[in-house]
Each structure stands twice: as structure tokens, then as C-alpha cells.
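In: sharing a sequence plus its predicted fold:
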Amino acid sequence: MSTPETTAPAPQSVAGFIKDNLREYGMLMSLLVIVIFFQFATGGILLKPLNLTNIILQNSYIVIMALGMLMIIVTGHIDLSVGSVAGFIGAVAAMMMVQYNFDFVTACIICLVLGGLIGAVQGYFVAYLKIPSFIVTLAGMLVFRGLMIAVLSGRSIGPFDVTFQRLSSGFIPEFISSEGGLYLTSLILGIAVAAFLVWQNIKNRGRRMSHGVETEPFGFFVAKNILVLASISYVAYLIASHRGMPNVLIIMALLIAAYGFFTNRTIIGRQIYAVGGNARAAELSGIKTQRLVFGTFVNMGVLAALGGLVVAARLNSATPKAGAGFELDVIAACFIGGASAYGGVGKVTGAVIGAFLMGVMNNGMSILGIGIDYQQVIKGLVLLGAVCVDVYNQRR
């Protein structure tokens, strides 16, 4: 008696594949279009090495906090307090380092733990007392905004030690002598990362094909990886042409890699998506839904604290206005990047793309002299458009 053989799925056209995976690839294509548009509209200023480095530094906190917000949105919740928590943590760090002479390592550890405790308190109300996250975190936004002003007594506190400033404004050391104005260590590291991502994509494709799982059309796969290799290598070249790779970019890259692995390769990561897809069904299947929701808020608190430290280090002071509006940019980055307002859907790469899409738009519009009023209008319309795409995909 013959045994059934595993047959590979019929090949799909590129157009059909993109249509079926519009959520995953739509924002990436949008980012490329926006970058090209502003590059021409600004006369080439957008991708100048100095400006590109500024875009990374200015949007680092959005990327960091978007990783935590993605986990919360995937579970079907929201956190409106992240901006206030980031500002409050920055104020606490300033008091410890400037007023009480704490060394920056001790101060940072205490601040990260404090952020986790804040997330734990809010997560307890949401996960175990079943109070809607919108209400809990709206209250948290008001509470920690008030506490930040109280800690600072309405004034700015700074400057910080140079070592702490390097968290956000420093650059990695160069182990290879620079030639022709290029920081070769940063360039080699960037190209190595690009090559590693392409190798991972090839490896993942081979594994999917061996299990008979549908994969991208071969031509699309090749074009995508060539684009990834060329884009990251070019960005690395531009960064290496200025002052090298910023420290905060290394932090972001490590976090992105860690959360990408966590969401795709771990049981807990998959359970988080199950909770967002159908919390009742997940609970009946034995998943500890309350514990997972609680954990996502603790995680968000830690990343909000890290974002607050990065912002304080970049500004070289803690100010009463720090963190204002951060929650809107972070939430927008997740939704623009493909996270679903209904929960259960969203990718780490999507949140990162959404964050940089917002950053490129902010930077490009500022260079063009568009006022903050119209910038807010345009960003609001982009966010609305992203949610409309989500609703359309849900109804398909």
C-alpha cells in the first residue's frame, strides 16, 4: 500500500501573493514610496548622512515603546499611559543622578524596575480585576503626568553625566581605522546584519517548503531579498559616512531581534496571539490568559521606562513636557504597521516599519516647512487610512 506523498502547493502569481499578504507588505511598500517622495521633494536632504542619523535618534523611543505596545494591542488591549510613564521615569532618573549623585547604571536599573512595577499595577487592574485597559491607562496617564510635574517641581533638571548621554547620543567604538571619511566598523556591521537577514530568509523558505507550506513566488522572494540587502547596506553606508552607528540603534536592533524571536519562535509568544484572537477559546485550551495580559503590561512598563531614559539622555535634561503625545505616536506606529484594532494580528517588523514611516513623514514635512498643525492633520489621515485597511481585511 503506497503512502501519500507531501506535495508542494501550486505556485502563486506575484500579484495574487501581494494581494493576499497586503497587511504584511503594504506598509513596507508605503515606506519606500514615502522615502523616495521626500528624497526628491527635499532635494536630497532626507537621506543625507546627518539627517538620516537624526531620524534614527529622534524616533528611537517610538521604536522601543512600539515593541511593547504591539504586545498589548495583540492581546486586544491598549495603553494610554506610556508617554506619561516615560516622562515620569526620566524625571526620577534626573533626580537620582543630578540631585542625589547616583551612578547612571544604578539609576537606570532602578528606573527599569520602577517601570516594571508601574506596568504590574496597571496590568493587575486590567488582567485580574477586569477593568477596561482604556480606563486604567487613561487614569495612569493623568497620575504619572502629575507625579512627573511634582518630582520636577515644574522645572527642568540636568545636565547629565556624559556617560549617560551616550545612551542616546553616543556612537559605537570603531575598531577599524576609518578611511576616506567612512567608519568601517559601522559599515561592516551593517552589511553583516543585512547578509544575516537574507540568510535567515533563505533558511526559513527552505523549512517552509520542506513542510509543504505555501511560500512566496520565487521571483518575488529573490527581488525582496536583493532589496533588503541593498537597502540595509546603503543605509549602513550613509550612517558610516557621518559618525558611525549610534548606540541607540544597537539597542533597537537587539530588541527587535529579541521580540521577533519571542513572537515567532516561543510558546508564550504564540499564546499571546491566541489570546488576542479569541480570549475565551484560549482560556478553554489551557492558556493562562490573565497571566499573559499581566505580563504584557509589565513588559510595556519596562520599555516605557527605557524609552524615557533614552529621551532624557538625548535632551540632556528631564522637562515637565517630556513624554507629551508619545502614546499617540507609539499607538499610531503599531496600527500603521499592520496591527489589528481587534487584536490577534500584528508583527514586530510591521511596528518598526510604522514607527519609521511616522518618523520619515515628520522629518520630511519639517524640512519642507509644513507647520505642525498640518503635520498632525496628515498623520491623522494616515492613521485613519491604516485602520480602514484593517477593517477591510477583517471583512474579506
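Out: Perfect, I can see it now. Computed from a prediction, not measured in an experiment: that's the story for all the values here.

In: against Phe160, how distant is the residue minimising distance to the centre of the chain?
Out: Closest to where the C-alpha atoms of the chain average out (CA atoms, centre = their mean) is Val63, at 2.9 Å. When distances are taken as CB to CB, to the nearest Å, Val63 and Phe160 turn out to be 22 Å apart. C-beta coordinates here come from the backbone N, C-alpha and C atoms, glycine included.

In: ok, now Ala305?
Out: Counting by CB to CB - Ala305 and Phe160 are separated by 16 Å.

In: check Val151 too.
Out: For Val151, the distance to Phe160 equals 16 Å [CB to CB].

In: re earlier: please give the element, helix or strand, for the residue nearest to the centre of the chain.
Out: If you go by DSSP states H and E, Val63 is part of helix 49-74.

In: can you check Trp199 too?
Out: Under the assignment here (DSSP H and E), Trp199 is part of helix 184-210.

In: try Gln290
Out: helix 289-315.

In: for the record, mean pLDDT for the next helix or strand after that helix?
Out: Taking DSSP H and E as the definition, the helix or strand that follows helix 289-315 towards the C-terminus is helix 326-336. Within the predicted structure, the mean pLDDT of helix 326-336 is 87.

In: now do stretch 270-281
Out: Model confidence over stretch 270-281 averages 87 on the pLDDT scale.

In: kindly report the same for stretch 112-126.
Out: Along stretch 112-126, the predicted local confidence has a mean pLDDT of 95.

In: in it, which residues are buried?
Out: Counting neighbours by 16 or more other CB atoms under 10 Å, one finds that the buried residues in stretch 112-126 are 112, 114-116, 118-120, 122-126.

In: please apply the same query to stretch 40-55.
Out: For stretch 40-55, a neighbour-count test (16+ other CB under 10 Å) marks 42, 46-49, 51-53, 55 as buried.

In: what's it in contact with?
Out: Stretch 40-55 has contacts (CB atoms under 8 Å, 6 or more residues apart in numbering) with 35, 38-39, 235, 238-239, 241-243, 246, 356, 359-360, 363-364, 367-368.

In: any of those residues buried? List them.
Out: Those of the contacts of stretch 40-55 that meet the buried threshold are 35, 38-39, 235, 238-239, 241-243, 246, 356, 359-360, 363-364, by 16+ other CB under 10 Å.

In: show me the residues you listed that map onto strands.
Out: Per DSSP state E, strands hold no members of the buried ones among the contacts of stretch 40-55.

In: closest one to Val213 out of those residues, please.
Out: The nearest member of these to Val213, counting by CB to CB, is Phe356 at 29.4 Å.

In: any stretches of the stretch 201-350 of the chain with poor pLDDT?
Out: Residues of the stretch 201-350 of the chain that meet the criterion pLDDT under 70 lie in 214.

In: related to what we said a few turns ago, neighbour count winner among Val151 and Phe160?
Out: Phe160 (22 against 18; other CB atoms under 10 Å).

In: surely the more buried one is in contact with Gln99?
Out: No - no contact is recorded between Phe160 and Gln99 when judged using CB atoms under 8 Å, the distance being 11.7 Å.

In: which residues are in contact with both of those two?
Out: Counting by CB under 8 Å, 6+ apart, Phe160 and Gln99 have no contacts in common.

In: can you pull the buried residues of the helix or strand hosting Val228?
Out: When elements are assigned from DSSP H and E, Val228 belongs to helix 218-240. If you call a residue buried by 16+ other CB under 10 Å, then helix 218-240 has these buried ones: 220-221, 225, 228-229, 232-233, 235-236, 238-240.

In: I'd guessed Ala194 sits against Ser233; true?
Out: Yes - with contact taken as CB under 8 Å, Ala194 and Ser233 are classed as touching, separated by 5.1 Å.

In: report the angle between the helix or strand where Gly26 lies and helix 218-240.
Out: Of the helices and strands defined by DSSP H and E, Gly26 is found in helix 22-41. In terms of direction (axes from the mean of the first three to the mean of the last three CA atoms, to 10 degrees), helix 22-41 departs from helix 218-240 by 40 degrees.

In: which residue is the nearest non-sequential neighbour of Gln39?
Out: The shortest distance from Gln39 to any non-neighbouring residue, by CB to CB, 6 or more residues apart in numbering, is to Leu46 (4.8 Å).

In: and for Leu306?
Out: In space, Leu306 comes closest to Ile64 once its chain neighbours are excluded; the distance is 5.6 Å by CB to CB, 6+ apart.

In: how about the contacts made by that neighbour?
Out: Residues in contact with Ile64 (CB under 8 Å, 6+ apart) are 251-252, 255, 303, 306-307, 310.

In: how close does it sit to Leu357?
Out: Summarising the geometry, the distance separating Ile64 from Leu357, computed by CB to CB, is 16 Å.

In: go on, Ala150?
Out: Here the criterion is CB to CB. By it, Ala150 lies 36 Å from Leu357.

In: neighbour count for the two, which is higher?
Out: Remark: of Ala150 and Leu357, Leu357 carries more neighbours, 26 against 12, as counted by other CB under 10 Å.

In: isn't that one up against Met29?
Out: No - the pair Leu357 and Met29 does not pass the contact test of CB under 8 Å, sitting 10.8 Å apart.
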